[in-house]
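Undergrad: Any chance you can model this:
(one chain, ligands or ions: 1)
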Amino acid sequence: MSMADAPICQECDVQMNPYSGREGDWEVAGYSCDTCGWSDDTDRMWVGEGPEPTPPKLSHAPSAEDLARRFHETYERLAPSFGYKTREASAKPWEEVPLDNRNLMIAVAGEIIEWWTP
Ligand SMILES: [Zn+2]
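TA: Residues are numbered from 1 along each chain as shown. Okay, the predicted model is just below:
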């Protein structure tokens, strides 16, 4: 891909710059906006050990708890690579997050799912 193909940032109206880097066990490449920091991955390659992980299949439509849990786990996993330290009480496996905190996240996820469901 040449520079001419670089997309324009919808926020800032400037051409985005190609980048590549490491995100956990993934090699990612794409375009990022120097102005607002928005980035768009176009390429993602598994470089970790073993086979590329596939998302576990659910036997049911994702529930509010599935979404809340997945959000929590992904958020905690990515936080360090963004230099962000999450609160100690919530930086735990899903089952160990305080119940009121979990219930709040499930309620939020439930409203989001409902908002998007036709
Ligand atoms: Zn931008």
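Undergrad: okay, and the helix or strand of the chain with the least pLDDT?
TA: Lowest by mean pLDDT, DSSP states H and E among the helices and strands of the chain is strand 39-46, with a mean of 84.
Undergrad: Give me the helices and strands touching that strand, please.
TA: strand 26-32 (3 or more Cβ pairs under 8 Å, 6 or more residues apart in numbering; DSSP states H and E). In this view, the C-beta of every residue, glycine as well, is placed from N, C-alpha and C.
Undergrad: angle of the strand it packs on against strand 39-46?
TA: Relative orientation of strand 26-32 versus strand 39-46 (axes from the mean of the first three to the mean of the last three Cα atoms, to 10 degrees): 160 degrees.
Undergrad: Buried residues, strand 26-32. List them.
TA: For strand 26-32, the neighbour count (16 or more other Cβ atoms under 10 Å) marks 28, 30-32 as buried.
Undergrad: starting at the chain centroid, how far to the least confident helix or strand of the chain?
TA: 12 Å (Cα atoms, centre = their mean, to the nearest Å).
Undergrad: Stretch 23-41 too?
TA: Counting by Cα atoms, centre = their mean, stretch 23-41 comes out at 12 Å from the chain centroid.
Undergrad: What lies in contact with that stretch?
TA: With contacts defined as Cβ atoms under 8 Å, 6 or more residues apart in numbering, stretch 23-41 is touched by 6-7, 9-12, 14, 16-22, 42-49, 77-78, 81.
Undergrad: need the residues of the protein near the ion, please.
TA: Within the chain, the positions lying close to the ion (Cβ under 5 Å from the ion) are 9, 11-12, 33, 35-36, 38.
Undergrad: Now Asn101: phi and psi?
TA: The phi and psi torsions at Asn101 (degrees, to the nearest 10) take the values phi -70, psi -40.
Undergrad: returning to what we had before: heading C-terminal from the least confident helix or strand of the chain, find the next helix or strand.
TA: helix 64-78 (DSSP states H and E).
Undergrad: so how far is the ion from the most centrally placed residue in the chain?
TA: Among the residues of the chain, the one closest to the centroid is Thr74, at 5.9 Å (Cα atoms, centre = their mean). Applying Cβ to the ion, to the nearest Å, the value for Thr74 to the ion is 23 Å.
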